[in-house]
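J.: the sequence and its predicted three-dimensional model are supplied below.
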Amino acid sequence: MRWLVKEVNMEMFIDRDELAKILGIPESTVDYLRRAGKIPFYKVGKHCRYVLAEVQKILKENGR
């Protein structure tokens with residue numbers, strides 16, 4: 001089986017709490033946006049992690 005691996009600098013990963021604080025939104029909104037497929041995320045083990053620049057780009061493109 002072939003796996004697609006996107007190279008991302010590990011220092012850029014942030015968790016839900018950090019993302020919510022930076023964006024000034026509730027943690028539950030981050031969860032909603034992730035589940036709805038509106039923001040990109042990565043699974044690291046059982047945890048969801050985000051790349052701030054990617055999330056900001058998507059939100060900016062969508063006018064949020």
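T.: Ah, there it is. Since this is a predicted model, take the numbers as computed values, not measurements. Numbers count the residues shown, from 1 in each chain.
J.: CA atoms only: put the longest strand anywhere in the chain into PDB for me.
T.: As assigned by DSSP state E, the longest strand anywhere in the chain is strand 47-51. Output in PDB follows, covering the C-alpha atoms of strand 47-51 (Å, rounded to 0.1, in the frame of the first residue of the first chain):
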ATOM      1  CA  HIS A  47      -4.900  13.700  18.300                       C
ATOM      2  CA  CYS A  48      -5.900  16.300  15.800                       C
ATOM      3  CA  ARG A  49      -3.300  18.900  15.000                       C
ATOM      4  CA  TYR A  50      -3.500  22.000  12.800                       C
ATOM      5  CA  VAL A  51      -1.100  24.100  10.800                       C
END
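J.: pull up the pairing partners for that strand, direction included.
T.: strand 13-14 (antiparallel), strand 42-44 (antiparallel) (DSSP bridges).
J.: so which of those strands is nearest Ile22?
T.: The minimum distance between Ile22 and the strands paired with strand 47-51 falls on strand 13-14, with 7.5 Å, by Cβ to Cβ. Placement of C-beta: from N, CA and C, glycine included.
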